[in-house]
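*Asks:* Build the 3D model from these lines:
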Amino acid sequence: MGKQQVDVVVEEPMEEEEGNFILGFARKVLLAGVGAIVLTQEEVEKLINRLVERGEIAEQDGKKLLREVMDKRKKEAKKAEDEMDRRIEEILARLNVPTKSDIEALSAKITALTKKVDELKKS
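*Replies:* I've put the predicted structure just below:
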């Protein structure tokens, strides 16, 4: 699979974060929805490590940035999963497909009725 290129367009002037323009820029790019989703954890780590090696950001800031990016990715993944579950439930409801709980309730009723029929047969 080919590498996907991501162009970042910055419309507002960027403020320096604690005096470090590169850290502020990296944070904005990596925490943007595109950066947090398109890049793998390994790619994010490599990018941050390169910035640290070049002395453009402090190691502590790099670790903090990596945690922020990974936390955002987890939150975005959870949101996507919840949205997918909601949509699947809507589709199943529209198609009138019984849920697991519907089937379990019917099974319990069948079991109860079977017991009653067996009791009536014995009588």
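
*Asks:* Which positions in the one helix or strand residue 60 maps to come out as buried?
*Replies:* Taking DSSP states H and E as the definition, one finds residue 60 inside helix 59-94. The neighbour-count check on helix 59-94 (16 or more other CB atoms under 10 Å) flags 61, 62, 65, 66, 69, 72, 73 as buried. Every C-beta, even on glycine, is put in place using the N, C-alpha and C of the backbone.

*Asks:* Beyond that helix, next helix or strand please.
*Replies:* By DSSP H and E, the next helix or strand past helix 59-94 is helix 100-122.

*Asks:* hmm, back to that, so what does the helix holding residue 60 touch, helix or strand wise?
*Replies:* Contacts defined by 3 or more CB pairs under 8 Å, 6 or more residues apart in numbering; DSSP states H and E place helix 59-94 against helix 21-31, helix 33-38, helix 41-53.

*Asks:* and the longest one, C-alpha only, in PDB?
*Replies:* Yep, that's helix 41-53 we're talking about. Presented in PDB, the C-alpha positions along helix 41-53 are these (Å, rounded to 0.1, in the frame of the first residue of the first chain):
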ATOM      1  CA  GLN A  41       2.000   5.100  16.800                       C
ATOM      2  CA  GLU A  42       5.400   4.100  15.400                       C
ATOM      3  CA  GLU A  43       5.400   7.000  12.900                       C
ATOM      4  CA  VAL A  44       4.400   9.500  15.600                       C
ATOM      5  CA  GLU A  45       7.100   8.200  17.900                       C
ATOM      6  CA  LYS A  46       9.700   8.500  15.100                       C
ATOM      7  CA  LEU A  47       8.600  12.000  14.300                       C
ATOM      8  CA  ILE A  48       8.800  13.100  18.000                       C
ATOM      9  CA  ASN A  49      12.100  11.300  18.500                       C
ATOM     10  CA  ARG A  50      13.600  13.100  15.500                       C
ATOM     11  CA  LEU A  51      12.500  16.500  17.000                       C
ATOM     12  CA  VAL A  52      14.000  15.500  20.300                       C
ATOM     13  CA  GLU A  53      17.300  14.400  18.600                       C
END
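
*Asks:* pLDDT wise, what is residue 3 at?
*Replies:* Per-residue pLDDT puts residue 3 at 45.
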